[in-house]
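> What would the 3D arrangement of this be:
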Amino acid sequence: MPLTHAQRKFIVALHRKKERLRERKFLVEGVKGVADLLASDWQVHQLVATSAWQPPELPNLPPTLEVSEADLQRVSALETAQQVLAVACMPPEPDQVYHGGRVLALDDIQDPGNLGTILRLADWFALDAVVCSPGTVERFNPKVVQASMGSLFRVHVQTAPLPAYLQSLPPDTWVAGAFLDGDNLYKTPLPKQGVLVLGNESQGIRPETEALLPQRLHIPRRGQAESLNVATATAIFCSEWTR
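Numbers count the residues shown, from 1 in each chain. The predicted structure follows:
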């Protein structure tokens with residue numbers, strides 16, 4: 001059956017951050033992303049799918065509204081709709097910011113693809129949490145959700161002002177930032193736990209955050225490239241940290 005005007009309007013509104021935050025809902029698209037969502041404990045508000053979608057065999061599967069490919073494309077945030085779309089509910093924000101374990105702190109990361117990839121890396125390397133500054137792109141942005149490839153539902157993510165977060169850590173917590181200068185990553189002993197801060201794609205770590213970092217780490221450069229993509233740098237840092 002076709003989507004009603006009200007249903008279509010509601011879903012399309014969730015393409016916009018303002019409406020996502022107001023409704024506390026966001027979109028998950030594609031067979032893999034929706035399967036990962038359904039396998040998690042996140043609440044699903046609605047499923048919209050074409051007849052081509054084969055739902056996973058799960059108990060208490062939310063009711064699915066079957067629509068045409070054209071109808072699904074009209075509400076999709078993707079260039080090409082992918083069989084199924086879920087309207088998911090945002091989880092409540094925890095009362096306290098996560099302390100302990102291996103934590104990535106992201107200082108105003110702007111590119112949705114970078115954030116989604118960093119969440120996949122945090123999932124791959126089994127990091128304990130990702131703490132995002134308020135200026136970091138919203139994790140429920142459709143491009144972040146898509147790039148995370150389902151890792152969004154498995155990684156503990158929180159938003160907090162990074163200077164206040166760093167100042168709240170126990171005094172013996174290892175804290176370091178990723179810079180273009182500093183201690184050689186490959187020659188520096190890294191503890192099993194702590195906080196690693198990565199900065200904005202063009203500006204790096206903000207001065208107010210940098211002032212609270214007792215250690216600077218860098219990836220040695222052999223060639224002439226000016227810098228590394230932040231997600232690429234994160235992969236190198238995480239690999240060395242968990243080695």
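> what sits up against the lowest-mean-pLDDT helix or strand in the chain?
Least confident helix or strand, the chain: strand 64-66 with a mean of 93, by mean pLDDT, DSSP states H and E. If you take Cβ atoms under 8 Å, 6 or more residues apart in numbering as the criterion, strand 64-66 is touched by 1, 3, 7, 46, 47, 48, 49, 50, 51, 53, 55. Glycine gets a C-beta too; all of them are placed from N, C-alpha and C.
> again with stretch 146-156
29-30, 32-33, 35-37, 39-40, 42, 78, 98, 112-113, 115-117, 119-120, 122-124, 127-130, 139, 144-145.
> now the helices: where do they sit in the protein?
Ranges of helices within the chain are 5-13, 17-23, 31-39, 69-75, 112-124, 142-148, 162-168, 207-210, 230-241, based on DSSP state H.
> Nearest to residue 195, out of the ones you listed?
helix 162-168 (7.1 Å; Cβ to Cβ).
> and residue 186, what is it in contact with?
Residue 186 neighbours (Cβ under 8 Å, 6+ apart): 220, 240.
> now swap in residue 124 and tell me
151, 238.
> again with residue 55
Counted by Cβ under 8 Å, 6+ apart, residue 55 has contacts 47, 49, 61, 64.
> Can you name the residues bridging to the last one?
According to DSSP bridges, the residues that bridge with residue 64 are residue 47.
> Number of residues surrounding it?
With neighbours defined by other Cβ atoms under 10 Å, the count for residue 64 comes to 14.
> ditto for the third one
Neighbours of residue 61 under the rule other Cβ under 10 Å: 12.
> filter the contacts of strand 64-66 to the buried ones?
For these, a burial check counting by 16 or more other Cβ atoms under 10 Å picks out 3, 7, 46, 47, 48, 49, 50, 53.
> Apart from its chain neighbours, what residue comes closest to the third one?
In this case it means residue 46. In this structure, residue 46 finds its nearest non-sequential neighbour in residue 87, 4.3 Å apart by Cβ to Cβ, 6 or more residues apart in numbering.
> Surely that neighbour is in contact with residue 29?
No - counting by Cβ atoms under 8 Å, residue 29 is not a contact partner of residue 87; they are 10.5 Å apart.
> Contacts only, for residue 71.
Counting by Cβ under 8 Å, 6+ apart, residue 71 has contacts 2, 3, 8.
> mind checking pLDDT for the second one?
Right, the one you point to is residue 3. pLDDT for residue 3: 87.
> likewise residue 21?
In this model, residue 21 carries a pLDDT of 96.
> same thing with residue 76?
95.
> ok, now which ones touch it?
Here residue 76 is in contact with 29, 82, 85 (Cβ under 8 Å, 6+ apart).
> Take the buried ones among the contacts of strand 64-66 and write them to CSV, including distance to residue 189.
Listed next are these as CSV, based on distance: Cβ to Cβ, whole Å:
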residue, distance to residue 189
3, 57
7, 56
46, 50
47, 49
48, 51
49, 51
50, 53
53, 50
